[in-house]
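Asks: Got a predicted model here, sequence first, then my questions.
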Amino acid sequence: MRKSHPIRRVVLATAATVSGVVLLLSLKPASDPTSAAAAGGAAAQASSAAQDTPQGGAAAAGSGTFTGAVAQTEYGPVQVRLTVADGKITKAEAVQAPKGGTSDQKTALSVPKLNQETVTAQNAKIDSVSGATYTSNGYKQSLQSALDKMKASAGSGASSGGSASASASASAGSGAASGSGSGSTATQARTVTGKVSQTEYGPVQVRITVSNGKITKADAVQAPSGGLSDQKTALAVPKLNQEAVAAGTAKIDSVSGATYTSNGYKQSLQSALDQAGG
Amino acid sequence: MTTTIAGGRAARRQTMRRIRPRRSPAVPLLLAVWAGAAAVLWLWWHNTPSIADTDGKILNAGRITGLLAGYLMALVVLQMARVPALERRVGSDRVARWHAMSGRYTLSLVFAHVFLIMWGYALQAGKSLGDIVQQTIDSINQLPDMGKAAIGTGLFVLIGLSSIGAVRRRMPYDTWYHVHLMTYGAVFLTFWHQITTGNDFALEPIAKTFWYGLYGAVTALVVWYRILTPIRLNMRHRMRVEAVIEETPGIVSVLIGGRKLHRMGAEAGQFFRWRFLAPGMRFSSHPYSLSAAPRPDMLRITVKAIGDHSARLRELRPGTRVWAEGPYGAMTASRRSRGKVLLVAGGVGITPMRALFETLPGAAGDLTLLYRANTTQDLALWDELAAIAKERGARLMYAVNSPDGERPDISAESLRRKIPDIERHDVFMCGPNGFAQGVYEALRGAGVPARRIHHESFEM
């Protein structure tokens, strides 16, 4: 039965809440130390992957996939991979992009746009996506590095005709699968792209990297985008990729809330596995 | 005035057996609530690697307020689930005050959350604060379950407005109550967007499971204690109005009969929420204290005609079906510590005091009742009180205004003069807020420790 002071209580509660929230926000670092460390590892891995990625191309021009250097942004690392055929960029994608917190939304929003712009522009002079400036800048940096590699490979491809033609014939033979054999080490890493699977929300296409008969990496080169789908894709695809690597087969669990995408993914994954096996 | 109920001897013997003071579980409960809030903040902390610029800060402030609002919303509903541990041990009045306080706070968090998130999204999309309305419309259209959340938030606005003091006082209680019941709908509608768009739940199966668990548990408690328990109680006891008796002008007693009423476990000092199935009364229920120790075949409430509902009570016909929920209230014999007891009643606040006066364990001379009223005519139930005092060897005092309207002196000095060892008493108190506040201060001044003053008040 103490005296109640309603006004004092309101002022106290407001002050406590506001200062608590401000304190929490200010305690968070501006850039993520753990993801930077992880990115360091990823960068090392990526650079070796970049070496592994063969510059399989036709005699005159560069073909194959080229992965750019990791660009660090305030929100996390960005890394771009280009698929090149006959010296033209046919596809651009981000193999790393900021994740977690609000970054998921930004990434889902900006990366598809940046990919498209890259294919259209064929160079690194692309517009930043408003609201995702940091990601855009990181993307452009990594893109430039991938383009540099592509140019270098085009040069080497032209000079050393012998080895290039060997892998070119392999890639020509595999047709839909953009085969990229690696001769530099003992492991036989191969990238196989599954057939496009149409879902109600748009096409899904899965690419897997197979090494020694095991899936070492899976990603979706196409997935539903636009509207709600961006969020669902951002939610489901990373999980499905993970599951595919873990399972080694197309018998993976659907992600709840993204059933169509999951089913499309599984179909395309199965087709990729069929190609890899055959 | 008629003596309408007698024979609390058996009931007294029953309560005599347990004179062990029970602590209110309020402190451990509050600790658990704080621990839960800390866990929710940790979830945010764990899922947020870094925050870079202004829009990130605003968005994350929105996420924190949203998470806390989602957590507290479950507790706000839980407080009104009529869980016996809260109603009978912490005390219905205290829990209702918690509910009002935390409800206001939670709604403020909800509105802050909506504003901050939409502002943050607008900034992120390269727009400014001015585009917040457009951003809100876009988000409702594009994100899952946001339409539901928007409707729910609209309901929250309505509920919040109707609970502002000035608005509520102008509104009939029933209207306010039915607006307030929409909270369940609003909570349901706003729940889903937390799961599907909340970063901390959409991507974290464990957190999602816990969130479902929290809301599921609250739902189960509401269904059990607000719906199933009252149905069982009323099916079993089948209560009806036996008689309505006018005690003093404006104060009536209602006698309620039923089967095996002692099995309800009601104690002196407690109340039920009563709904009389008579025309114009069946849609609202009101809390009235028992004004006598419960008997196996009979309960009694005594009510002063102050509102619509209480004024209609005098027209109740014998035989009217009664729907009761309870017993609730923590101001029972189990609150007292060892030693003497002073009961203080202001006006119609005599009702629970009358029941306690009859049943509180104690030897002759241990018990004192101080009854404050405007005039001696307003001293309802006086004859009964006098009879109990005589039988138990208890002291009965009254304080009324002097003939020229002067208020009686209830101060630390006068209390100590009348009851020299007052600081060794437990005090039970019931009456209007202003009266209770004055008596409380006088008691503290006379040296009664705060923890030995037991008071229940339903004025917010």
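Replies: Nice, I can see it. Numbering: from 1, shown residues only, chains lettered A, B, ... in the order given.

Asks: alpha carbons only for contacts and neighbour counts from here, please
Replies: Noted.

Asks: Pull up the gap between B:S402 and B:R395, please.
Replies: Distance, B:S402 to B:R395, by C-alpha to C-alpha, to the nearest Å: 22 Å.

Asks: Show me which of these two is the more surrounded one.
Replies: Taking neighbours as other C-alpha atoms under 10 Å in any protein chain shown, B:S402 and B:R395 compare with B:R395 leading, 18 against 11.

Asks: Do you have the helices of chain A handy? List them.
Replies: For chain A, the helices defined by DSSP state H occupy A:6-27, A:33-52, A:103-121, A:133-159, A:161-174, A:228-247, A:259-277.

Asks: Mind pulling up the pLDDT for B:G165?
Replies: At B:G165, the predicted lDDT confidence score is 84.

Asks: repeat for B:R407
Replies: B:R407 carries a pLDDT value of 83.

Asks: list the contacts for B:L290?
Replies: Residues near B:L290 by C-alpha atoms under 8 Å, 6 or more residues apart in numbering or on different chains: B:A268, B:G269, B:Q270, B:F271, B:F272, B:L299, B:R300, B:I301, B:T302, B:T351, B:P352, B:A355.

Asks: Those in helices, which ones?
Replies: B:T351, B:P352, B:A355.

Asks: How many residues are close by the second one?
Replies: Translated: B:P352. 29.

Asks: quick one: it from B:A330, how far?
Replies: According to C-alpha to C-alpha, B:P352 and B:A330 sit 11 Å apart.

Asks: list residues touching both of these two?
Replies: By C-alpha under 8 Å, 6+ apart, B:P352 and B:A330 have these common neighbours: B:G269, B:Q270.

Asks: tell me the domain boundaries of the chain?
Replies: Going with chain A. Structural domains annotated on chain A: A:33-170, A:186-277, as defined by automatic domain parsing.

Asks: Actually, chain B is the one I wanted.
Replies: Annotated domains of chain B cover B:26-231, B:238-328, B:336-455 [automatic domain parsing].

Asks: Let me have those in a markdown table, extended by distance to A:L147.
Replies: Output for those, formatted as a markdown table (distance: least, C-alpha to C-alpha, whole Å):
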| stretch | distance to A:L147 |
| --- | --- |
| domain B:26-231 | 29 |
| domain B:238-328 | 75 |
| domain B:336-455 | 77 |
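
Asks: what does the stretch 1-150 of chain B put close to chain A?
Replies: Counting by C-alpha under 8 Å from any C-alpha of the partner chain, the stretch 1-150 of chain B comes close to chain A at B:47-53, B:56-57, B:59-61, B:64, B:123-126, B:142-144.

Asks: let's go with 10 Å and repeat that
Replies: B:41, B:44-53, B:55-65, B:101, B:104-105, B:108-109, B:120-127, B:141-144 (C-alpha under 10 Å from any C-alpha of the partner chain).

Asks: Which among those count as buried?
Replies: With burial judged by 16 or more other C-alpha atoms under 10 Å in any protein chain shown, the buried subset of the residues of the stretch 1-150 of chain B next to chain A is B:41, B:44-45, B:48-52, B:55-65, B:101, B:104-105, B:109, B:120-125, B:127, B:142-144.

Asks: Please point out which parts of stretch B:388-405 sit buried.
Replies: By neighbour count on 16+ other C-alpha under 10 Å, the buried set for stretch B:388-405 is B:I388, B:A389, B:R392, B:G393, B:A394, B:R395, B:L396, B:Y398, B:A399, B:V400.

Asks: Now intersect the residues you listed with the strands, please.
Replies: Judged by DSSP state E, those include B:R395, B:L396, B:Y398, B:A399, B:V400 as members of strands.

Asks: Among those, which pair sits farthest apart?
Replies: Farthest pair in these (C-alpha to C-alpha) is B:R395 and B:V400. Separation: 16.7 Å.

Asks: Please work out the average pLDDT along stretch A:219-238.
Replies: On average, stretch A:219-238 scores 78.

Asks: With just CA atoms, put it into PDB.
Replies: C-alpha atoms of stretch A:219-238 as PDB (Å, rounded to 0.1, in the frame of the first residue of the first chain):
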ATOM      1  CA  ASP A 219      24.000 -24.000 -54.400                       C
ATOM      2  CA  ALA A 220      20.900 -22.800 -56.300                       C
ATOM      3  CA  VAL A 221      21.800 -20.900 -59.400                       C
ATOM      4  CA  GLN A 222      18.200 -20.100 -59.900                       C
ATOM      5  CA  ALA A 223      15.500 -19.700 -57.200                       C
ATOM      6  CA  PRO A 224      12.200 -17.900 -56.900                       C
ATOM      7  CA  SER A 225      12.600 -14.200 -56.500                       C
ATOM      8  CA  GLY A 226      10.400 -11.200 -56.100                       C
ATOM      9  CA  GLY A 227       7.800 -10.300 -53.500                       C
ATOM     10  CA  LEU A 228       7.500 -12.900 -50.800                       C
ATOM     11  CA  SER A 229       9.700 -15.300 -52.600                       C
ATOM     12  CA  ASP A 230      12.900 -13.400 -51.800                       C
ATOM     13  CA  GLN A 231      12.400 -14.000 -48.200                       C
ATOM     14  CA  LYS A 232      11.500 -17.600 -48.600                       C
ATOM     15  CA  THR A 233      14.500 -18.200 -50.900                       C
ATOM     16  CA  ALA A 234      16.800 -16.500 -48.400                       C
ATOM     17  CA  LEU A 235      15.400 -18.800 -45.800                       C
ATOM     18  CA  ALA A 236      15.200 -22.100 -47.600                       C
ATOM     19  CA  VAL A 237      18.100 -22.300 -50.000                       C
ATOM     20  CA  PRO A 238      20.900 -22.100 -47.500                       C
END
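
Asks: What are the buried residues along that stretch?
Replies: Applying a neighbour-count criterion of 16+ other C-alpha under 10 Å, the buried positions in stretch A:219-238 are A:219-225, A:229-237.

Asks: low pLDDT regions in the chain?
Replies: With no chain named, the answer covers chain A. Counting by pLDDT under 70, chain A contains low-confidence ranges at A:1-4, A:31-62, A:74, A:100-102, A:130-131, A:155-188, A:226-228, A:278.

Asks: let's do chain B instead
Replies: Counting by pLDDT under 70, chain B has low-confidence residues at B:1-22, B:203, B:458-460.

Asks: three-state assignment of the residue of it most remote from its centre?
Replies: Most distant residue from the mean C-alpha position of chain B: B:G126, 48.1 Å away (C-alpha atoms, centre = their mean). Secondary structure assignment for B:G126 (DSSP: H, G, I helix; E, B strand; the rest coil): coil.

Asks: What distance do you get for it to B:T54?
Replies: Per C-alpha to C-alpha, B:G126 is found 12 Å from B:T54.

Asks: and for those two, which residues touch both?
Replies: Residues touching both B:G126 and B:T54 by C-alpha atoms under 10 Å, 6 or more residues apart in numbering or on different chains: B:G120.

Asks: Who are the contact partners of the residue nearest the centre of chain A?
Replies: Nearest to the mean C-alpha position of chain A, counting by C-alpha atoms, centre = their mean, stands A:V95 at 2.4 Å. A:V95 is in contact with A:A46, A:T67, A:G68, A:V70, A:P77, A:V78, A:Q79, A:V80, A:R81, A:L82, A:D219, counting by C-alpha under 10 Å, 6+ apart.

Asks: from those, which single one is nearest chain B?
Replies: Among the contacts of A:V95, A:P77 lies closest to chain B (C-alpha to the nearest C-alpha), at 12.6 Å.
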